[in-house]
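**Student:** missing the sequence, but the structure's below:
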Ligand SMILES: [Zn+2]
């Protein structure tokens with residue numbers, strides 16, 4: 001799987017810069033392991049505009065958006081999902097402009113307890129190179145998971161096919177793509193000549209997407225990837241990372257990558273690795289140990305799917321799959 005990079009010298013934090021016709025991007029200065037160089041907020045349209053994912057509660061980003069939107073009329077605030085790097089500034093922007101927020105719904109309720117995660121024991125000093133290859137100023141204390149904005153409730157609820165915005169010569173509709181979160185939306189911009197899909201965190205240019213149960217759902221994620229792969233978009237624009245040309249082929253590669261990982265999890269269980277920490281030690285042996293905690297969530301996501309389709313069984317079949325469950329081959 002070949003991921004893309006966004007050259008740190010190719011943009012400036014807080015500057016509204018054109019990405020494709022009709023679309024400007026302002027990148028927030030919140031770089032991390034989950035956000036790459038930071039959250040990309042997109043402004044679509046000329047004069048009358050919509051804003052996609054206003055971003056995190058960061059004064060510098062709020063001020064940058066205010067400056068970028070000066071002279072424009074904000075008609076709508078579109079939110080892909082409610083992680084803390086995407087939705088929190090929507091409330092400010094809505095209060096400031098009177099524009100409604102648009103989303104699939106609030107963040108989903110956690111359907112079950114995924115249990116306790118034992119610490120990752122680090123037997124050797126950290127010597128592995130940074131395989132992400134970034135110098136993005138990631139925090140020295142690894143952030144283990146994305147935090148969630150549970151305050152967000154959209155003014156306008158949108159589902160697949162709903163028209164969520166339009167302007168002179170363009171229109172934008174919603175596409176429900178559950179998987180990263182259950183409420184994740186992509187937004188499809190049709191300018192008459194170009195079809196652009198804003199993919200939020202569903203498809204990222206620089207990395208795979210975190211799929212963490214219980215709200216994250218691998219079966220739903222793969223299905224949502226297939227939906228995107230089957231579309232005829234000219235370009236996909238993720239929240240984090242550069243635009244993706246030929247999205248259908250890129251997303252087909254992402255599906256392949258996930259299915260390879262799934263096959264590895266099946267093989268690990270068949271080989272007698274019965275716990276998630278044991279599987280991660282083997283499957284992610286080449287990956288920095290500070291990433292083993294998120295890797296465990298990812299393996300759990302595969303195991304939920306495999307338990308649901310009957311390939312793997314739980315030693316205790318009365319529970320839903322947990323981080324501390326024992327897994328057996330069916
Ligand atoms: Zn996210």
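**Tutor:** Cool, got the structure. Because the structure is predicted, anything quoted here is derived from the model rather than measured. Numbering: from 1, shown residues only.

**Student:** Which strand residues bridge the residue of the stretch 51-200 of the chain found nearest the ion?
**Tutor:** At 3.5 Å from the ion, residue 83 is the closest residue in the stretch 51-200 of the chain, using Cβ to the ion. C-beta coordinates here come from the backbone N, C-alpha and C atoms, glycine included. Using DSSP bridges, the bridge partners assigned to residue 83 are residue 148.

**Student:** Does it touch residue 149 like I think?
**Tutor:** Yes. Counting by Cβ atoms under 8 Å, residue 83 does reach residue 149; the two are 6.7 Å apart.

**Student:** For this protein, which segments count as helices?
**Tutor:** Using DSSP state H, the helices of the chain run over residues 59-69, 89-97, 218-229, 247-270, 276-283, 292-308.

**Student:** where does this protein have low pLDDT?
**Tutor:** Scanning the chain for pLDDT under 70 picks out the ranges 122-146.

**Student:** Spatially nearest residue to the residue nearest the centre of the chain (excluding sequence neighbours)?
**Tutor:** Compute the mean C-alpha point of the chain, and by Cα atoms, centre = their mean the closest residue is residue 201, 2.2 Å away. Closest residue to residue 201 apart from its sequence neighbours, by Cβ to Cβ, 6 or more residues apart in numbering: residue 180 at 4.8 Å.

**Student:** For that neighbour, what are phi and psi?
**Tutor:** phi -60, psi -50 (degrees, to the nearest 10).

**Student:** got a list of what it touches?
**Tutor:** Shown in contact with residue 180 (Cβ atoms under 8 Å, 6 or more residues apart in numbering): 81, 200, 201, 202, 209, 210, 211, 216, 221.

**Student:** Could you dump those into CSV with distance to the ion added?
**Tutor:** Shown next, in CSV, are these (distance: Cβ to the ion, whole Å):
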residue, distance to the ion
81, 6
200, 7
201, 4
202, 9
209, 8
210, 7
211, 10
216, 9
221, 12
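
**Student:** Of those, just say which sits nearest to residue 111.
**Tutor:** Among the contacts of residue 180, residue 216 lies closest to residue 111 (Cβ to Cβ), at 11.0 Å.

**Student:** Am I right that the closest one is in contact with residue 304?
**Tutor:** No. Residue 216 sits out of contact with residue 304 when judged by Cβ under 8 Å, with a separation of 9.2 Å.

**Student:** So for residue 83 and residue 149, which sits in the more crowded spot?
**Tutor:** Using other Cβ atoms under 10 Å, the more surrounded residue of residue 83 and residue 149 is residue 83, with 27 against 22.

**Student:** Against the ion, how distant is residue 271?
**Tutor:** The spacing between residue 271 and the ion, counted by Cβ to the ion, to the nearest Å, is 33 Å.

**Student:** what does residue 322 give?
**Tutor:** Remark: distance between residue 322 and the ion (Cβ to the ion) = 22 Å.

**Student:** That residue touches residue 115, doesn't it?
**Tutor:** Yes. Here residue 322 reaches residue 115: they are 3.3 Å apart, a contact under Cβ under 8 Å.

**Student:** what about these two, which has more around it?
**Tutor:** Neighbours were counted for residue 322 and for residue 115 using other Cβ under 10 Å; residue 322 has more, 21 against 14.

**Student:** and that one, what is it in contact with?
**Tutor:** 112, 113, 114, 115, 300.

**Student:** what about 6 Å?
**Tutor:** Applying Cβ atoms under 6 Å, 6 or more residues apart in numbering to residue 322 gives the contacts 114, 115.

**Student:** how close does it sit to residue 25?
**Tutor:** Distance, residue 322 to residue 25, using Cβ to Cβ, to the nearest Å: 39 Å.

**Student:** Ok, residue 299 next?
**Tutor:** Computed as Cβ to Cβ, the residue 299 to residue 25 distance reads 33 Å.

**Student:** Now residue 167: closest residue in space that isn't a chain neighbour?
**Tutor:** Nearest to residue 167 is residue 45, by Cβ to Cβ, 6+ apart, at 4.4 Å.

**Student:** gap between that neighbour and the ion?
**Tutor:** Between residue 45 and the ion the distance, using Cβ to the ion, works out to 24 Å.

**Student:** I figured that residue was touching residue 165, is that so?
**Tutor:** No. Between residue 45 and residue 165 there is no contact under Cβ atoms under 6 Å: 7.6 Å.

**Student:** residues near residue 233, how many?
**Tutor:** Residue 233: 23 surrounding residues under other Cβ under 10 Å.

**Student:** for residue 294, same thing?
**Tutor:** Other residues lying near residue 294 total 21 when counted by other Cβ under 10 Å.

**Student:** separation between it and residue 120?
**Tutor:** Per Cβ to Cβ, residue 294 is found 10 Å from residue 120.

**Student:** residues contacting residue 116?
**Tutor:** Contacts of residue 116 by Cβ under 6 Å, 6+ apart are residue 324.

**Student:** rerun at 10 Å
**Tutor:** Contacts for residue 116 (Cβ atoms under 10 Å, 6 or more residues apart in numbering) come out as 322, 323, 324.

**Student:** just these now: which is nearest residue 285?
**Tutor:** Comparing the contacts of residue 116 against residue 285 with Cβ to Cβ picks out residue 323 as the nearest, at 19.1 Å.
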